[in-house]
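Novice: any chance you could fold what I've pasted below:
(chains A and B)
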Amino acid sequence: MAKVYVLTSGKGGVGKTTLTANLGTAMALGGERVALIDADIGLKNLDVVMGLENRIVYTLIDVANGKVGVFDALVRHKQIKNLSLLPASQIATKEMISPDEMKKIVDEMRERFDYIFIDCPAGIERGFRNAVAGADEALVVTTPELPAITDADRVIGLLENMGFQDENIHLIVNRFKPHMVRHGDMLNIDDIKSALSIEVIGIVPDSEDIIISTNKGIPLVLTNGKDENVMHKVLQGIVRRLKGEEVPIPKLSELEERKGFLEVLKSLFGRHRNGDD
Amino acid sequence: MGFLSIFSKRKQKKEEINARDSAKERLKALVGNGRRMVYRIDDFKNPEELAKKTAEIKSEIQKKASQLFKTDETKVKVVVEEHNGYVVIIANINFE
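Specialist: Modelled structure (predicted):
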C-alpha cells in the first residue's frame, strides 16, 4: 500500500512541481514503485518538468468522468519503468473534480505503488482541497521570504483543520542561499522553523542546475556523473528521510557547491560565450 | 572631505537594521511565535440533520439544473464545501 504525500505551499512559484518531479524520480531510482499526480488542473506543468508532455493521452479529468480507468491514464517514464505520471488537463478547471473523486482515484492507485506524490496547485481553494483529499502526509514547500512563509503558515493551519496531525506535516525550505544567511540578509532555518513550528525535512539550496534540467525536461536527479553534486545529495537526503531513515539535515557549509580555482576562472571567462548578450 | 565621507558611509551602513532582523521582526508580527488556531469545521451540534439537509439541497439543485440544461440528472454533480465560514455550492454539468 502506497504512502501518499502532497506537496503544497499556498504561494505559487516556490518550486512545488520541480520538487515533486525530483523527489519522485529520486525515490523511483531507489527501486520503489512511484506515481506522480498532477493536481494543478488548468495550469499543469509536471509533465513538462518530467519531459513527458508528448506522451499524454488521457488525464485526471478523464478518469474522474469515468472515460478511462486510472491505470489506462498513467504515463510511464521513458527511462525509469517504475515511475508513472497521472497528468492533469490543461483545458479543464479545478472545479471539474471533487475532493471525494480525487480521494477515490488515489485510493485505487495505492495498491500498485509504494509512494505517490501529489503536486498541489497554488492557492487554498478547490484545487488545494482536491490535492490534499487523498494524502496521508503533507510536504509544505516554502522559500525563505516573508510572503512564502506567511502563506505556508496559513496552509499548515488549514491542514491541521482538515485533520492532519503535526507529525504528518513536514517543511521543505527551497531556494535557500547560505551566503545571504551568512551576511545577515536572509532568514535562517531556525527563524523559519520557530515561526512555523513544524519539523524541517529538507533544505534545498538555490541552484542554476534546476533551471537547466527543467528546460531539458530531465529531473536533476537523473543527470549523470553528479554523485558529488550538492543538489543530488540534498534530494537523496529528503527521500531517505521520507522512507523513515535517520539522516541529519545538512549544515550551512554543506549546502554550497565547492568550486575549484579552474572552475571559478572558467565561469568568469566563459559566462558570455553561449549567451545572447 | 572625501576621506571623511568614507568613514561616515561605513558608520551609516552599520547602523542600518539588517534584512534578517527586519524579516524576523515582521514575521513574528505576521504569524506569531506559537501555534496556529485550530478549529474543526465539521463540529456541528447535529451532524445527521446537516447531512440530511445537504443531501436535500444537492438533489434539488440536480433536478433544477438537469431541467434547465436538458440533460440527465446523473450528469450533474453537486458539491457543498465550507470556505472560511461560507458555504460554497459547486454544480458541475457534463454535456458530453
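
Novice: and chain B, is the longest helix along chain A touching that?
Specialist: Secondary structure of chain A per DSSP state H: the longest helix is helix A:146-161. Yes: residues of helix A:146-161 contacting chain B under CB under 8 Å from any CB of the partner chain: A:146, A:149-150, A:153, A:156-157, A:160-161. For every residue, glycine as well, the C-beta is placed using N, CA and C.

Novice: enumerate the residues of the stretch 51-200 of chain A near chain B.
Specialist: Neighbours of chain B within the stretch 51-200 of chain A, by CB under 8 Å from any CB: A:65, A:95-96, A:98-100, A:125-126, A:129, A:145-146, A:149-150, A:153, A:156-157, A:160-161, A:163, A:181, A:184-188, A:191, A:194-197.

Novice: and those, which are buried?
Specialist: Buried by 16 or more other CB atoms under 10 Å in any protein chain shown: A:65, A:95-96, A:98-99, A:126, A:129, A:146, A:149-150, A:153, A:156-157, A:160, A:181, A:186-188, A:191, A:195-197, out of those.

Novice: okay, now the unreliable bits of chain B?
Specialist: Chain B contains residues with pLDDT under 70 at B:1-16, B:33-44, B:84-85.

Novice: any figure for the gap between A:Arg33 and A:Lys251?
Specialist: Separation of A:Arg33 from A:Lys251 (CB to CB, to the nearest Å): 33 Å.

Novice: neighbour count for the two, which is higher?
Specialist: Set side by side, A:Arg33 and A:Lys251 show more neighbours around A:Arg33, with 16 against 9, by other CB atoms under 10 Å in any protein chain shown.

Novice: need the pLDDT of the more buried one.
Specialist: A:Arg33 carries a pLDDT score of 98 in this model.

Novice: quick one, phi psi at the residue found closest to A:Leu46 once you drop the neighbours it is linked to in the chain?
Specialist: Of all residues not flanking A:Leu46 in the chain, A:Asp38 sits nearest, at 4.0 Å (CB to CB, 6 or more residues apart in numbering or on different chains). Per-residue torsions, A:Asp38: phi -90, psi 110 (degrees, to the nearest 10).

Novice: A:Asp38 against A:Lys44, yeah?
Specialist: Yes: A:Asp38 lies in contact with A:Lys44 (CB atoms under 8 Å); the separation is 5.0 Å.

Novice: so what's in contact with these two at the same time?
Specialist: By the contact definition CB atoms under 8 Å, 6 or more residues apart in numbering or on different chains, A:Asp38 and A:Lys44 are jointly contacted by A:87-88.

Novice: and A:Glu167, how close does it get to chain B?
Specialist: 14 Å (CB to the nearest CB, to the nearest Å).

Novice: ok, that residue - contacts?
Specialist: With CB under 8 Å, 6+ apart, A:Glu167 has these contacts: A:Glu199.

Novice: would you agree it falls within a helix?
Specialist: Yes: A:Glu167: assigned to a helix according to DSSP: H, G, I helix; E, B strand; the rest coil.

Novice: got a pLDDT number for it?
Specialist: We have a pLDDT of 94 for A:Glu167.

Novice: next one: A:Ser213
Specialist: pLDDT, A:Ser213: 92.

Novice: ok, A:Ala135 next?
Specialist: Value for A:Ala135, per-residue pLDDT: 98.

Novice: where does A:Val140 land in three-state SS?
Specialist: strand.

Novice: does it have beta-bridge partners, and which?
Specialist: Per DSSP bridges, the residues bridged to A:Val140 are A:Thr8, A:Leu171.

Novice: what about it, how many residues nearby?
Specialist: For A:Val140, the count of nearby residues is 26 (other CB under 10 Å).
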